[in-house]
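J.: using only what follows, build the 3D model:
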Amino acid sequence: MPRFLYHYLRGYHRYALPVLTVLVLVILAWYAWYWAMVGFVALGLIYYLMYKKEQAFAEDFEAYISTLRHRVKKAGEDVISDLPIGILLYDEEQTIQWHNRYILNLLSDADSLVGTTLEELSPALAEWLHNEEREGTIRFGEKTLDILSYPEERLLYVVDNTDYHELKKKHRQEQVVFINIHLDNLDEVTQGLDEQRRSLLVSRVTNTISRWAAEHGIFIRRTASDKFFGVMDERTLKAIEETKFDILDHVRELTSHNKIPVTLSIGVGAGTSSLIELGNLAQSSLDLALGRGGDQAAVKRFPDKVTFYGGKSNAVEKRTRVRARVISHALRDMIKESDKVFIMGHRDPDMDAVGSAIGVLKAVQVNEREGYIVLDQEEDYPGVNRLMEEINKEKDLQEHFLSPQEALELISEKSLLIIVDVHKPALVLEPRLLDRFHRKVVIDHHRRGEAFIEDPLLVYIEPYASSTSELVAELLEYQSDEMEMSRLEATAMLAGIVVDTNNFAMRTGSRTFDAAAYLRRHGADPVLVQKILKEEKEQFIKRSRIVERAEIYRGKIAIAIGEADERYGQVLLAQAADTLLTLDDVVASFVLCEREDGQVVISARSLGEINVQVIMEKMHGGGHLTNAATQLEDITVEDAVKWLKEVIDDYLEGGRGT
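T.: Take a look at the predicted model:
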């Protein structure tokens, strides 16, 4: 194939016509040179005209591209400037370097923000940027702005979503809320009243609740003689929370002339659009309020946030033993269905935890099953050292104590775990045991908190009781008519009651004395109780020094701090708090110290005027209205005291919610 044809086929055909034309003219010149000259002139003229045309086209095309580029650039600048999204560039000192027009109209009336710092423009924006978040929302005057940050480019996108957030807020405020109201002790209060006086009392309470509901726009209906059900919205709930559910105080004060005032328990379900879920939340909140002793409101928001209000009065002692008998029989059946029963109390066990565990062990033995108390005897437990010394003298009792590791090795599918004197998973003696048992029972006298042991088969929580030992003593009465207890077993349970009631001076009801009498009939020795509860001289001196260092806060609250170079046991702190209550005009006491593990421990006591449980719950603890405690991590004693005073101030100034 000729080479020029190959080039033609390879893309050089644009030169083929001129070459062929020149070749033809050369051949023509051989025969008629004048015609060839005419051809060359014509060919040159043609190519000159083509060149000029192509040059003009190139110039027009370049002008078109330049105009188009300018238009695109200008359109882009206009779009960025007028885009309904604020764009802002800043330097390392957070000084604004550039912004579009939208953000200028959004945030300022000035002609330009260039040179202004973010702190000057919006302290909220500067603070948000300091937190190094990528997305967030801030308030700017009446506007609600959504922010998107690119710190590596020092670039911010700002969107005015005020309407969206207002709509979202309105939707949230109008969400449905269910409320259950229960009269805690109507039967107890009206017992002995004639029908007319009873009807008058119930009518006054009902009218008070109805007026309160009408004032707040709550749709409410009475579903039983002592129960109400209501529907409201989130806006109303927030307004009620701001009053700390003052209906609790109104009803209590309305009937304060009675020997026993009427109190309410309120359960609220909120935070979801599912009506079924709202109903479940409201009922579980009411159960929680009742489980904590009543006279309080529990607000549970989906999925699991709980807030408590009230709880100013002591739980009213129940006058019927029906529930104790039912629980006792259920416990007996569960024990008989088990091959082994393990009993466990809380960390740093006290006299009530060990005493009630011994009582449950007796119930297990009466029902002819293997029973073990989980307590590592190699550990030092200052609160029960003397009791453990007495237990070690009795082989028949001592052999039923196991360490947590030994207990883990003996567990089977049919084993039963009974937890006494505690219901919070984090506070049990050995948390690992909770996951190993499918069958669990909880027996406790503390007011129920938000955290609770998962899936127990049986729960017996009575906040009115003085101690768990009292509850267990009642259960033992219905286990067997032929119940026999050793002197030490009965004494250990009596010691638990004595310690938790401060020698029958606090939280003591008629049932407390009944339980003590029952234990006394079964051999409990008051002299041995005093022997077990004796303290060493050094401990007495330590306690006295704590009392000496006490500060009287707000005229009626004693706050004492242990010495920095001393280490105190939980029992000593509790004893010091009890001693402070004996001082003139002191109605509540708080004792703080730092433990060897670095935790700050607070032991709180009250005569009933101040609910120390509410105060301790705000500091991540719990307990009773008159007896509570907490343990704090990563905090100094000085900071703990400052925090405690802030919580006390909030409580005394009306902030009773927890």
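J.: sketch out the low-pLDDT regions of the protein for me.
T.: By pLDDT under 70, the weakly predicted segments of the chain are 1-22, 24-26, 28-29, 64, 67-82, 258-259, 311-320, 654-658.
J.: please enumerate the strands of the stretch 151-300 of the chain.
T.: For the stretch 151-300 of the chain, the strands defined by DSSP state E, counting those that start in this stretch cover 155-160, 176-183, 219-224, 227-233, 264-270, 296-301.
J.: need the ones you listed in TSV with distance to residue 534, can you?
T.: C-betas here are computed from N, CA, C, even on glycine. Putting these into TSV (distance: least, C-beta to C-beta, whole Å) gives the following:
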stretch	distance to residue 534
strand 155-160	70
strand 176-183	45
strand 219-224	52
strand 227-233	50
strand 264-270	41
strand 296-301	38
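J.: which strand or helix spans residue 644?
T.: Secondary structure from DSSP states H and E places residue 644 in helix 637-652.
J.: now for that helix, which elements pack on it?
T.: Judged by 3 or more C-beta pairs under 8 Å, 6 or more residues apart in numbering; DSSP states H and E, helix 637-652 is in contact with strand 557-561, strand 588-594, strand 600-606, helix 612-618.
J.: next secondary structure after the shortest one?
T.: Spelled out, it's strand 557-561. Per DSSP H and E, the first helix or strand lying C-terminal to strand 557-561 is helix 570-580.
J.: neighbouring contacts of the helix holding residue 644?
T.: The contact list for helix 637-652, computed with C-beta atoms under 8 Å, 6 or more residues apart in numbering, reads 553-554, 557, 559, 561, 564, 590, 592-594, 600, 602, 610-611, 614-615, 618-619, 632, 635.
J.: re the thing from before, so which of the strands of the stretch 151-300 of the chain comes closest to residue 426?
T.: The closest of the strands of the stretch 151-300 of the chain to residue 426 is strand 296-301. By C-beta to C-beta, the value is 19.9 Å.
J.: neighbouring strands for the helix or strand just after the closest one, and are they parallel or not?
T.: Tracing the chain past strand 296-301, the next element assigned as helix or strand by DSSP H and E is strand 305-310. Using DSSP bridges, the strands paired with strand 305-310 in its sheet are strand 296-301 (antiparallel).
J.: so the strand it pairs with versus strand 176-183, what angle?
T.: Strand 296-301 and strand 176-183 are oriented at 160 degrees to each other (axes from the mean of the first three to the mean of the last three C-alpha atoms, to 10 degrees).
J.: how far out from the middle of the chain is strand 296-301?
T.: Centroid displacement of strand 296-301 relative to its chain, using C-alpha atoms, centre = their mean, to the nearest Å, is 13 Å.
J.: give me the contacts around it.
T.: With contacts defined as C-beta under 8 Å, 6+ apart, strand 296-301 is touched by 237, 241, 245, 248, 264-271, 281-282, 284-286, 288-289, 292, 306-311.
J.: want to throw the helices and strands packed on helix 637-652 into JSON lines with distance to residue 458 and mean neighbour count?
T.: Output for those, formatted as JSON lines (distance: least, C-beta to C-beta, whole Å; neighbours: other C-beta atoms under 10 Å):
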{"stretch": "strand 557-561", "distance to residue 458": "39", "mean neighbour count": "22"}
{"stretch": "strand 588-594", "distance to residue 458": "35", "mean neighbour count": "26"}
{"stretch": "strand 600-606", "distance to residue 458": "30", "mean neighbour count": "27"}
{"stretch": "helix 612-618", "distance to residue 458": "24", "mean neighbour count": "25"}
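J.: and of those, who's closest to residue 201?
T.: helix 612-618 (28.2 Å).
J.: beyond that closest one, next helix or strand please.
T.: strand 622-623.
J.: show me the contacts for the nearest residue to residue 478 once chain neighbours are set aside.
T.: The spatial neighbour of residue 478 that comes closest, neighbours along the chain excluded (C-beta to C-beta, 6 or more residues apart in numbering), is residue 328 at 3.7 Å. By C-beta under 8 Å, 6+ apart, residue 328 lies in contact with 474-479.
J.: pull out the buried positions in the helix holding residue 644.
T.: Residues of helix 637-652 classed as buried by neighbour count (16 or more other C-beta atoms under 10 Å): 637, 640-641, 643-645, 647-648, 651.
J.: how far is that helix from where the chain is centred?
T.: With C-alpha atoms, centre = their mean as the basis, helix 637-652 stands 20 Å off its chain's centre.
J.: got the domain ranges for this protein?
T.: 1-82, 86-169, 193-310, 322-532, 537-652 (automatic domain parsing).
J.: output these in JSON lines; the columns should cover distance to residue 180.
T.: Shown next, in JSON lines, are the domains of the chain (distance: least, C-beta to C-beta, whole Å):
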{"stretch": "domain 1-82", "distance to residue 180": "55"}
{"stretch": "domain 86-169", "distance to residue 180": "27"}
{"stretch": "domain 193-310", "distance to residue 180": "4"}
{"stretch": "domain 322-532", "distance to residue 180": "16"}
{"stretch": "domain 537-652", "distance to residue 180": "21"}
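J.: how about those domains, which one is nearest residue 177?
T.: Closest approach to residue 177 among the domains of the chain (C-beta to C-beta): domain 193-310, 4.5 Å.
J.: endpoints of that closest one, how far apart?
T.: One end of domain 193-310 sits 28 Å from the other (C-alpha to C-alpha, to the nearest Å).
J.: now do stretch 402-413
T.: End to end - C-alpha to C-alpha - stretch 402-413 spans 19 Å.
J.: of all the residues in that stretch, which ones are buried?
T.: Those would be 402, 404, 407, for stretch 402-413 by 16+ other C-beta under 10 Å.
J.: next one: it to chain centre, how far?
T.: Computed by C-alpha atoms, centre = their mean, the chain-centroid distance of stretch 402-413 equals 32 Å.
J.: go on, stretch 537-552?
T.: Centre-to-centre, stretch 537-552 and its host chain are 35 Å apart (C-alpha atoms, centre = their mean).
J.: name the residues that touch that stretch?
T.: By C-beta under 8 Å, 6+ apart, the list of residues contacting stretch 537-552 from outside reads 558-563, 566, 568, 572-573, 575-576, 579-580, 583, 585-586, 589, 591, 593.
J.: turn the helices and strands packed on helix 637-652 into JSON lines, columns for distance to residue 27.
T.: Conversion of the helices and strands packed on helix 637-652 to JSON lines gives the following (distance: least, C-beta to C-beta, whole Å):
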{"stretch": "strand 557-561", "distance to residue 27": "122"}
{"stretch": "strand 588-594", "distance to residue 27": "116"}
{"stretch": "strand 600-606", "distance to residue 27": "114"}
{"stretch": "helix 612-618", "distance to residue 27": "112"}
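J.: residue 149 should be in a strand, yeah?
T.: Yes. Residue state for residue 149 (DSSP: H, G, I helix; E, B strand; the rest coil) corresponds to a strand.
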